[in-house]
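[1] sequence-free structure coming up:
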């Protein structure tokens, strides 16, 4: 695959509902004050390194790497954690999609969740080609909307900025943020055809993550005291008008691309046992059932926990190539 295709897929995987709403950026970076910018830079560099490591390992599945590079007890935990978290992430995106479409269409979130699930299932069933095409089409308008939203909201009615806080959480945030995002991204990369230029793809991805995260964080810094407690911080800054509709479109794009990436990654793990035809349906049904818990409940309760557990997977990705079994 070409480096630009890999970059588009990685960006569309990382830019999910948490990023698009601003909730992740506040939790992991903006709440730390000026140190948050250093955290964004550190996370972007770590993304580039982790993605490069995944790309040069392509050809082996994440399950194979886990079995080879982790001791048996840790490998068992990592394998189960991997599949469970992919399904949970997929379910979170279905729940978010259902809630956003419900607000637009006036239908119940449950029905809108089914609609989102069916659309995701259609793309996942086609395979890697559909995922690549979808990412290539949507990544540019998503980036343009991020810049437009930041420009339209960062400078008006400036509120109190966050305090500068240097704590263990501040230092650990870039690693945790990388960890749970790379759970999906690494599995996805390893399941795709080998990249033509892994170094270029990794550097491009890290650079774009840094730029888009910094741009998205600016209005969150300048309005921090007004929106720090909001479930949808960026949405809280939107006035009625064209910009708000563009933002809703971006939110839907971000939810859909991440849902498809998560679902595809989960399918790649079980398709050898469940079959290529049945796997997308099984994973999507499970994710929809989990999605009935609700988006906020899923994000608030499980993201950080899986971020810690994901460190095992990062170790498996980066460890020396030796068989631990």
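    All right, it came through fine. Everything quoted here is computed from the prediction, not taken from an experiment.
[2] moving C-terminal from the strand or helix carrying residue 68, which element do we reach first?
    Assigned by DSSP states H and E, residue 68 falls within helix 62-69. Next in sequence after helix 62-69, counting helices and strands by DSSP H and E, comes helix 72-105.
[3] name the helices or strands packed onto that following helix?
    Packed against helix 72-105, as judged by 3 or more C-beta pairs under 8 Å, 6 or more residues apart in numbering; DSSP states H and E, are the following elements: helix 17-21, helix 62-69, helix 109-126, helix 168-191, helix 242-274, helix 279-291, helix 295-318. Bear in mind the C-beta positions are built from the backbone N, C-alpha and C, glycine included.
[4] tell me how far it is from the chain's mean position?
    10 Å (C-alpha atoms, centre = their mean, to the nearest Å).
[5] buried sites along that helix?
    For helix 72-105, the neighbour count (16 or more other C-beta atoms under 10 Å) marks 75, 78-79, 81-102 as buried.
[6] ok, and the closest non-adjacent residue to residue 141?
    Sequence neighbours aside, residue 253 is the residue nearest to residue 141 in space, at 7.0 Å (criterion: C-beta to C-beta, 6 or more residues apart in numbering).
[7] where does the prediction get shaky in the stretch 1-150 of the chain?
    The stretch 1-150 of the chain contains residues with pLDDT under 70 at 59.
[8] cutoff 80 now
    1, 17-18, 57-63, 70, 74, 77-78, 103, 128 (pLDDT under 80).
[9] circling back to that earlier point, ok, the residue nearest to residue 141 touching residue 138?
    Yes - the pair residue 253 and residue 138 qualifies as a contact (C-beta atoms under 8 Å) at a distance of 5.1 Å.
[10] is it true that residue 288 touches residue 113?
    Yes - with contact defined as C-beta under 8 Å, residue 288 reaches residue 113; the gap is 6.2 Å.
[11] more neighbours: which of the two?
    Taking neighbours as other C-beta atoms under 10 Å, residue 288 and residue 113 compare with residue 113 leading, 25 against 22.
[12] residues contacting that one?
    Applying C-beta atoms under 8 Å, 6 or more residues apart in numbering to residue 113 gives the contacts 94-95, 97-98, 288, 291-292.
[13] buried set for stretch 124-135?
    Quick answer for stretch 124-135 (16+ other C-beta under 10 Å): 124-125, 128, 131-132, 134-135.
[14] can I get these in JSON lines including distance to residue 204 and secondary structure?
    Supplementary listing: these in JSON lines, determined by distance: C-beta to C-beta, whole Å; DSSP: H, G, I helix; E, B strand; the rest coil:
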{"residue": "124", "distance to residue 204": "25", "secondary structure": "helix"}
{"residue": "125", "distance to residue 204": "29", "secondary structure": "helix"}
{"residue": "128", "distance to residue 204": "19", "secondary structure": "helix"}
{"residue": "131", "distance to residue 204": "18", "secondary structure": "helix"}
{"residue": "132", "distance to residue 204": "15", "secondary structure": "helix"}
{"residue": "134", "distance to residue 204": "18", "secondary structure": "helix"}
{"residue": "135", "distance to residue 204": "13", "secondary structure": "helix"}
